[in-house]
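> give me coordinates for this.
(one chain, ligands or ions: 3)
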Amino acid sequence: MSVVSAEFLSSCSLFSPSFQKQPRVFRRSNRRNSPPVLVAEMVRVPHVLTVAGSDSSAGAGIQADLKACAARGVYCSTVITAVTAQNTVGVQGVHAVPEDFVGEQLKSVLSDMPVDVVKTGMLPSEAIVQVLLQTLDEFHCQALVVDPVMVSTSGDVLAGPSILSSFREKLLPKADLVTPNLKEASALLGCPQIQTLADMRSAAKLIYNMGPQHVLIKGGDLPASSDAVDIFYDGETFYELCSSRIKTSNTHGTGCTLASSIAAELAKGFPMLPAIKVAKRYVETALDYSKDIVFGNGPQGPFDHVIKLKNNISSPSRKLVFNPDDLLLYAVTDSGMNRKWNRSITDAVKGAIEGGATIIQLREKDTDTRDFLQSAKSCLELCRSHGVPLIINDRIDVALACDADGVHVGQSDMPVSVVRALVGTEKIIGVSCKTPEQAEKAWMDSADYIGCGGVYPTNTKANNITVGLDGLKKVCLNSKLPVVAIGGIGISNAHSVIEIGVPNLKGVAVVSALFDTECVLTEARKLHAVLSDAAK
Ligand SMILES: Cc1ncc(COP(=O)(O)OP(=O)(O)O)c(N)n1
Ligand SMILES: Cc1nc(C(=O)O)sc1CCOP(=O)(O)O
Ligand SMILES: [Mg+2]
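Residues are numbered from 1 along each chain as shown. Ligands and ions are numbered 1, 2, ... in the order given. Alright, predicted model coming up:
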C-alpha cells in the first residue's frame, strides 16, 4: 500500500516526472588519494563548513551554526551569504553578500582546510546557489546537509520564490540530507499546507524524489499535536521521530541548530539516522533548559546553544578567581561525624562558616548520590551567601550537577587533566600530593592548589601515610601551587604547622577538629584565632 495519498500528490503542482529520483554518485573525500602527510602526533578534528547568513541576534544563522558545532565538539568554519539585521521582534534588514565574494570565501576554506560536512542555510540568490554548486564540484566533502531556509520564524522572507527552482533542480540532488520545516516543504513542492502526519510522509517522499539521499521534515508547526513529530525518510522507510513539545518562546534558530548539529554528528562519523537522533536530543535539551530565559522584547527569543547561560545568573556572588588565602581554615565535612553528633550537614557547614572557615569541602564517603546532591545544593546556597567557596571531594558529577566552585581529588581519583576537561577553566581543582613529583604534576595538569598530608597520624582516613612536617615542608618548597596542610591537625598543633614558615603554605584543612566536636562554631572560632595569630 502506498503511503503517499493520492489527494496530496495531486495537490502538488510541482510534482512532475522531472523530479523523479536520479541515480546518484556518492561523493567521497579526495583526501584518501592524497600523498601521506607527516603529522606525527597531530590530531585532525571533525570539521563542518556552514554556508549561511549572519543573524545579528545570534540565535540563528551562522552564529547558531558556530555555537551548535562548538557545543557538539566539532570545528566550524563559515561562509557568509548575507548579513541580516534581526532581533527578537523580527527581521529589519537583509544585505546579501555578492556571489563572487561568497565564492571567494568558499575557496579560501575549501582549498586549505579539509572539510567533512558542508551545511547550507540562507542562500539568498540563485547566483549564490550556482557559485556554491560549482565550488562543491571542485572540492569534495563527505556530506552535504541542506537546510532550505526561506522564511524566518517571524514570517520574514529570507530567500524568495526565485530560489525554489535552483533548490529543486540543482541543490537537492546533491544533498545527503534536506531538512525543511512544514512551510519550506510546501514551498518546495508548490502544494498547500501540510496538515497531517500522512501529508508529511507524502511530502517527504516527493522531496526525496527530487534527489536528496535523505529527507527530514520537521513537524514542529504541525497543528493539533501535543508532541513534536518529525518524519525521516531514507528512500525505503519512514521514521516518526517524536519528542515532547517544549513550551518556550526561545526557539529562534532551532532549525539552523538542528541542521548544523546533524552535520556535526555526521562529521564525527555517525550514520544519518543516529546523527539525527543525537542532534534532536541536543536541541530538545537546550530548548528545555532555556525555557524561562528572557531575551529582548519580541515574541521569539534566541536558542541557547551552550546550555550554560542560567548558571551565570543563578550564582551572582560566586567568585571567579581562586584566592589562595581562602585555604587558611579549610573545613572538610564527614557524614559519620555529623550522624554521631546528630546534626545535618548544612548545620555543620553553617557552624564552620560562622566560626571563620574560609573554604568548605563536602567529603561524603557514604552518602547516597541523590542525598549528596541535595545537601550539596543546600550547602552551596549557604556558602554563596557568605562568599565562601564550596569544594566537592571525589565526585565530579555532583560538583557539576550543583555547580559547586570546585573539586578535590586524590592520586587514585580521576586524573586532574581529565577533571579540568570536564569542569572547565573556572572551577577550582585541588589535588592531594605527598611528594614534590606529585606537586609538579598537579601544577602541569592545571590544578589550583595542593592538599599535603598526613602531617600527623589521623583516624579519619584509613591507612593514610604520614609525611610529617618535613614531608610537608619539602612539598611546599617544591610546589608552584599554594598548599594546604591536612591530617591530624587541630587547635593544639595548628600553630606548629604554620610555623614551618614557607610562603606556599596557606592554611590547614581539618575534619575531626571541627566536626567530631559538640559545637562546630566554637571550635572553628578557636582554630581561626590560632591560625590568624600564627600567620602574623
Ligand atoms: C584538602 C584536602 N587534602 C587532601 C584530601 C585527601 O584527598 P584524597 O587523597 O582523594 O582522599 P579522600 O579525601 O578522597 O579520602 C582532601 N580530601 N582534602
Ligand atoms: C581526608 C584526609 N586526607 C589526608 C591526606 O593526608 O591526604 S588526611 C585526611 C583526613 C584528615 O582528617 P583529620 O583532620 O580528622 O585528621
Ligand atoms: Mg579522593
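> all contacts plus neighbour counts: C-alpha atoms, from now on.
Noted.
> spell out the secondary structure type for residue 132.
Put simply, residue 132 is helix when judged by DSSP: H, G, I helix; E, B strand; the rest coil.
> show me where the protein dips below the pLDDT cut-off.
The chain contains residues with pLDDT under 70 at 1-41, 152-157, 224-226, 309-320.
> can you list the strands that the longest strand along it pairs with?
For the chain, the strand that runs over the most residues, judged by DSSP state E, is strand 75-86. Neighbouring strands of strand 75-86 in its sheet, by DSSP bridges, are strand 47-55 (parallel), strand 91-96 (antiparallel).
> for ligand 2, which of the ones you listed is the nearest?
Closest to ligand 2 of the strands paired with strand 75-86, according to CA to the nearest ligand atom: strand 47-55, at 43.5 Å.
> okay, now the domains of this protein?
Structural domains annotated on the chain: 42-312, 324-534, as defined by automatic domain parsing.
> for ligand 2, find the nearest of these.
Per CA to the nearest ligand atom, nearest to ligand 2 of the domains of the chain: domain 324-534, 3.4 Å.
> give me the distance between that closest one and the centre of its chain.
29 Å (CA atoms, centre = their mean, to the nearest Å).
> gap between the two ends of that domain?
17 Å (CA to CA, to the nearest Å).
> same thing with stretch 358-366?
25 Å.
> what's next to that stretch, contact-wise?
326-335, 349, 372, 376, 383, 388-394, 408 (CA atoms under 8 Å, 6 or more residues apart in numbering).
> just the residues you listed: which are in strands?
Using DSSP E, the contacts of stretch 358-366 in strands are 329-332, 390-393, 408.
> which of these are buried?
329-332, 390-393, 408 (16 or more other CA atoms under 10 Å).
> what is the neighbour count of residue 270?
15 (other CA atoms under 10 Å).
> helix or strand: which one has it?
For residue 270, there is no enclosing helix or strand under DSSP states H and E.
> quick one: contacts for the residue of the chain found nearest ligand 1?
Closest residue of the chain to ligand 1, CA to the nearest ligand atom: residue 410 (3.0 Å). By CA under 8 Å, 6+ apart, the contact set of residue 410 is 394, 431-433.
> residues from the protein in reach of ligand 2?
With CA under 6 Å from any ligand atom as the criterion, the chain meets ligand 2 at residues 432, 452-454, 458, 460-461, 464, 486-489, 510-512.
> 5 Å - rerun?
453-454, 458, 460-461, 487-488, 510-512 (CA under 5 Å from any ligand atom).
> from those residues, pick the one nearest ligand 3.
residue 461 (10.3 Å; CA to the ion).
> thinking again about what came up before, going by distance to residue 57, which of the contacts of residue 410 wins?
residue 394 (40.4 Å; CA to CA).
> look up how far residue 453 lies from the closest residue to that closest one other than its chain neighbours.
Distances taken as CA to CA, 6 or more residues apart in numbering place residue 409 nearest to residue 394, at 5.2 Å, with adjacent residues excluded. Using CA to CA, one obtains 13 Å as the distance from residue 409 to residue 453.
> overlap of the contact sets of the two?
With CA under 8 Å, 6+ apart as the test, residue 409 and residue 453 both reach residue 432.
> looking at the two, which one has more neighbours?
Using other CA under 10 Å, the more surrounded residue of residue 409 and residue 453 is residue 453, with 28 against 23.
> can you pull out the helices in the stretch 351-500 of the chain?
For the stretch 351-500 of the chain, applying DSSP state H, counting those that start in this stretch gives helices covering 369-386, 396-402, 416-423, 436-444, 468-478, 494-498.
> then the stretch 101-250 of the chain?
126-138, 164-166, 182-189, 197-208.
> show me what the first one is packed up against.
Read that as helix 126-138. Applying 3 or more CA pairs under 8 Å, 6 or more residues apart in numbering; DSSP states H and E, we find helix 126-138 packed against helix 99-110.
> go again with 10 Å.
helix 99-110, strand 117-120, helix 164-166 (3 or more CA pairs under 10 Å, 6 or more residues apart in numbering; DSSP states H and E).
> out of these, nearest to residue 353?
Closest among the helices and strands packed on helix 126-138, using CA to CA: strand 117-120, at 53.2 Å.
> so what are the sheet partners of the closest one and their directions?
If you go by DSSP bridges, strand 117-120 pairs up with strand 47-55 (parallel), strand 143-146 (parallel).
> and the longest one with helix 126-138, angle?
Interaxial angle, strand 47-55 versus helix 126-138 (axes from the mean of the first three to the mean of the last three CA atoms, to 10 degrees): 170 degrees.
> next SSE downstream of strand 47-55?
helix 61-71.
> how big is the angle separating that next one from strand 47-55?
Using the same axes, to 10 degrees: helix 61-71 against strand 47-55 is 140 degrees.
> number the chain from 34, please
All set: I'll call the first residue 34, so the last point we hit is now helix 94-104.
> which helices and strands does helix 94-104 pack with?
Where contact means 3+ CA pairs under 10 Å, 6+ apart, helix 94-104 is packed against strand 80-88, strand 108-119, strand 150-153, helix 287-301, helix 305-322.
> so how far is stretch 332-341 off the chain centroid?
For stretch 332-341, the distance to the chain centre is 13 Å (CA atoms, centre = their mean).
> and it, what's buried?
So for stretch 332-341, counting by 16+ other CA under 10 Å, buried means 333-338, 340.
> with stretch 144-160 instead?
147-160.
> tabulate the residues you listed (a markdown table), appending distance to residue 93.
Formatted as a markdown table, these follow (distance: CA to CA, whole Å):
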| residue | distance to residue 93 |
| --- | --- |
| 147 | 25 |
| 148 | 22 |
| 149 | 22 |
| 150 | 19 |
| 151 | 17 |
| 152 | 14 |
| 153 | 13 |
| 154 | 10 |
| 155 | 10 |
| 156 | 14 |
| 157 | 15 |
| 158 | 19 |
| 159 | 22 |
| 160 | 23 |
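> tell me the one of those residues nearest residue 313?
Using CA to CA, those come closest to residue 313 at residue 152, 16.3 Å.
> how far away is the closest one from residue 252?
Counting by CA to CA - residue 152 and residue 252 are separated by 20 Å.
> what does residue 387 give?
For residue 387, the distance to residue 252 - CA to CA - is 56 Å.
> which of the two has more neighbours?
A count of neighbours by other CA under 10 Å puts residue 252 above the other of residue 387 and residue 252, at 25 against 15.
> gap between that one and ligand 3?
Separation of residue 252 from ligand 3 (CA to the ion, to the nearest Å): 48 Å.
> do the same with residue 229
Separation of residue 229 from ligand 3 (CA to the ion): 56 Å.
> ok, stretch 530-538 near ligand 1 or not?
No. In terms of CA under 5 Å from any ligand atom, no part of stretch 530-538 sits within range of ligand 1; the closest distance is 12.1 Å.
> how about residues contacting that stretch?
357-358, 360-361, 482-485, 488-489, 501-503, 505-519, 522-523, 526, 539-541, 563-568 (CA atoms under 10 Å, 6 or more residues apart in numbering).
> and ligand 1, which of those residues reach it?
residue 484.
> what's the neighbour count on the residue in the stretch 34-183 of the chain that ligand 3 sits nearest to?
With CA to the ion, the shortest gap between the stretch 34-183 of the chain and ligand 3 falls at residue 106, namely 29.1 Å. The number of residues packed around residue 106, counting by other CA under 10 Å, is 16.
> once you drop chain neighbours, what's closest to it?
residue 297 is the one closest to residue 106 (CA to CA, 6+ apart), at 7.9 Å.
> contact partners for residue 97?
With CA under 10 Å, 6+ apart, residue 97 has these contacts: 87-88, 90-91, 103, 285-294, 335-338.
> filter those down to the buried ones.
So, by 16+ other CA under 10 Å, the buried ones in the contacts of residue 97 are 87-88, 90-91, 103, 285-294, 335-338.
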